[in-house]
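K.L.:
Coordinates for the following, if possible.
(one chain, ligands or ions: 1)
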Amino acid sequence: MRYPFLLLLALLAACDREQAAAPASPGAPEIAAVIEAQVAPLPDTDWALHGNDYREQRFSPLAQINRDNVQELGLAWSFDMYTQRGVEATPLVVDGVMYVTGSWSMVYALDARNGELKWFFDPQVDRSFLAKGCCDAVNRGVAYTDGKVIVATYDGRLVALSAADGAVLWEVQTTDREQSYTITGAPRIAGDKVVIGNGGAELGVRGYVSAYDLASGAMVWRFYTVPGNPEDGFENAAMERAAKTWTGEWWQWGGGGTVWDAIVYNPELDLLYIGVGNGSPWNARLRSPGGGDNLYLASIVALRPDTGEYVWHYQTTPGETWDYTATQHIMLAELEIDGKPRKVLMQAPKNGFFYVLDRQSGELISAEQYGQVNWASHVDMATGRPVETPNARVFDGKNVSLPSNAGAHNWPPMAYNPDAGLVYIPVMVFPVAFLEPTEEKDSKPGQGYWNVGFDRMAGSPPKIPNLGEILDSQFLGQLVAWDPVKQEARWKGPVGRPVLGGVLSTAGGLVFSVARADQLAAFDAYTGEELWSSYTGNAAAAPISYAIDGEQYIAIAQGFGGGYAAEGGPVAHDWKIRNMSRVMAFKLGGKAELPPPRVDNREMPRPAPATADAATLERGESVYHRHCGYCHGDGLRTGGVTPDLRWSSGQTHEMWQDIVLGGVLRERGMVSFSAYLTPDDAEAIRQYVLAEANRLYLETHPEPVAGN
Ligand code: CA
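P.N.:
The predicted model follows:
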């Protein structure tokens, strides 16, 4: 028998007072039983690993919060982080303490009962690294083991902290700081080692993962994901084999293949799985002009955790050219397939197919489209290869590619409910039209120079003939409950903004995910019925669950940002509520309130007129899109994390050359672009900004029409 939790609390309070009138119903023995059932049997339960357990199923065994009482869920506490930008972290909870990361790889240790700060660690990331990354100074969380909290920093360091007080135990640089490597991913523990990858495949790097000794921080092994220059010799046989699938002088472009998210350790099979990213540049014709599969781009690779030795791989997208990374969440499970139990690995990478692999052998078990896909019709089960559609590689600026470079699924982690047998995927529909580059752009990318080998960002928004239609009907995000055995959708959640945030599933028969862009919602795991929601703010990362002192909590970190916010463009929106990086925890009967939203009522300054001729404006737009657009937004439309340049004040315009070339705002991440731009270029950008600012100003401040 179940009772609403608020009633239970009232009854508990009544018992405390001893003089309470006897409730009409239920009777005292039943009350005792309810209290015992609700409070006594619930042990303290941590969320100690990134995906809760080594399988990374993001399934909590806690069921105190369930389908019958989730309506009583309320805010227990909130904590405001010290930044107002992107947060993508999965918090960990160990022994009553929450370890969560915010922007700039900062670590917050909070009392998980009430959100009080226990300690704070700021790794003092060099802000100039912002121009080395594609997608904001986000971080997806720490690793915890044996009294150590390990964070990977945006500028490429791995730092081990004492869980007790945040003191630095060891620190190691995992990347060449001269190149455009950044780290946004969470490290993973594999036995006595900690493993970390990196990002930067939009800016010309060669991807790898490295393992470090947990005790000393000494590097134990490194596995590159793509081959280097053959003249330098290959690191191992896997690289030698991979090099046969590349042509031209790919190493001059870096090659890409960064492992920026999924790393999963399977202690039972003693295998480490890594998800490998896209090519650098995206355009395979530039990177590997004679074609080829370009191993191990867009692949899942199994390694020996002790040595980093290659074991097997499965490539999701041979000859990757659309930014179809396969570094999305990798999840392990046991499924019954054709009457037989199988140890599987599951992934929903950007390319729109849901893959089920045998995690021991790497054998492809099944692959079906979970999202809207037009680049391949299906995966041929005989060869394991996708069958591309005739127009898949037509990049004329008009042919729409689905999914886009943002993917049908990106960094927000999925969740699995083993009882329901469903994987919950935050799916995106998000089209793009690539344009082959002009010859002038066939140059190598680097810091401050996003060159993915397409003119995708030239023309803002991309000049797709029916773009309006596509924007209205197809830019969306939706939670999809996927049956991984039948490879079909069971139910779909409400439609929202493309990036939904991550997903949690619980033994209470609930699925928690972001809904309608600014709410955390609970769905029935079996039917998809929405049972509860609460305003959380702008966007949220990955929910978790834990229990302390007999109470179950649902917690989530939030902060709008990431690549989606930086790139902005057609999906950007007007901010009126200021972005807030925040952690929130909910429990049954929670009564805390969020601080009131900070409304941004600033008025756009009236811009000076643009004085340049049409050719200069066009050049300004082109240069802007090459060097500025990936932070300040496609078509100058930002997602609100970086300044909207159209709103620049007169003072900013006066300081334009000092900012763009002199680097006077370097401490805020706006580095000098003097290596790429001349004073004339900077002025052309300024004129383009002024022209667009005037356009926006007229749209939002229409002149009164004479006679009205
Ligand atoms: Ca990418």
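
K.L.:
May I see the buried residues of stretch 164-172?
P.N.:
The neighbour-count check on stretch 164-172 (16 or more other Cβ atoms under 10 Å) flags 166, 169-170, 172 as buried. The way it works is simple: take the backbone N, C-alpha and C, and place the C-beta from them, glycine included.

K.L.:
got it, and stretch 304-321?
P.N.:
So for stretch 304-321, counting by 16+ other Cβ under 10 Å, buried means 305, 308, 310-321.

K.L.:
which one of these is nearest R157?
P.N.:
Closest to R157 out of the buried residues of stretch 304-321 is G308 (20.0 Å), distances taken as Cβ to Cβ.

K.L.:
now stretch 306-324: mean pLDDT?
P.N.:
Stretch 306-324 shows a mean pLDDT of 98.

K.L.:
What's the end-to-end length of stretch 58-77?
P.N.:
End-to-end distance of stretch 58-77 (Cα to Cα, to the nearest Å): 22 Å.

K.L.:
export the buried residues of stretch 164-172 to JSON lines and tack on distance to the ion?
P.N.:
Formatted as JSON lines, the buried residues of stretch 164-172 follow (distance: Cβ to the ion, whole Å):
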{"residue": "G166", "distance to the ion": "32"}
{"residue": "L169", "distance to the ion": "32"}
{"residue": "W170", "distance to the ion": "30"}
{"residue": "V172", "distance to the ion": "25"}
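
K.L.:
where's the residue lying closest to T611 once chain neighbours are set aside, which helix or strand?
P.N.:
With sequence-adjacent residues excluded and distances taken as Cβ to Cβ, 6 or more residues apart in numbering, T611 is closest to Q687, at 6.9 Å. Element membership of Q687 [criterion: DSSP states H and E] is helix 679-700.

K.L.:
Counting by contacts, list what that helix packs against.
P.N.:
Packing partners of helix 679-700 (3 or more Cβ pairs under 8 Å, 6 or more residues apart in numbering; DSSP states H and E): helix 614-627, helix 656-660.

K.L.:
Adding distance to D136, write the ones you listed out as JSON lines.
P.N.:
Below are the helices and strands packed on helix 679-700 laid out as JSON lines (distance: least, Cβ to Cβ, whole Å):
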{"stretch": "helix 614-627", "distance to D136": "17"}
{"stretch": "helix 656-660", "distance to D136": "20"}
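
K.L.:
nearest to the ion, of the ones you listed?
P.N.:
The closest of the helices and strands packed on helix 679-700 to the ion is helix 614-627. By Cβ to the ion, the value is 16.9 Å.

K.L.:
tell me how far the closest one is from the chain's mean position?
P.N.:
How far helix 614-627 lies from its chain's middle: 30 Å, per Cα atoms, centre = their mean, to the nearest Å.

K.L.:
got the buried residues for it?
P.N.:
Of the residues in helix 614-627, 616-617, 619-627 count as buried by neighbour count, 16+ other Cβ under 10 Å.

K.L.:
filter the residues you listed down to the ones close to the ion.
P.N.:
By Cβ under 5 Å from the ion, no member of those lies near the ion.

K.L.:
In the stretch 451-600 of the chain, what residue spans correspond to helices?
P.N.:
In the stretch 451-600 of the chain, the helices defined using DSSP state H, counting those that start in this stretch lie at 467-474, 562-567.

K.L.:
ranking the ones you listed by mean pLDDT, which is last?
P.N.:
helix 467-474 (a mean of 51).

K.L.:
what's around the closest residue to the ion within the stretch 301-450 of the chain, how many residues?
P.N.:
Residue of the stretch 301-450 of the chain nearest the ion, by Cβ to the ion: D323 (4.6 Å). Residues lying near D323 (other Cβ atoms under 10 Å) number 31.

K.L.:
Many thanks, I have nothing further to ask.
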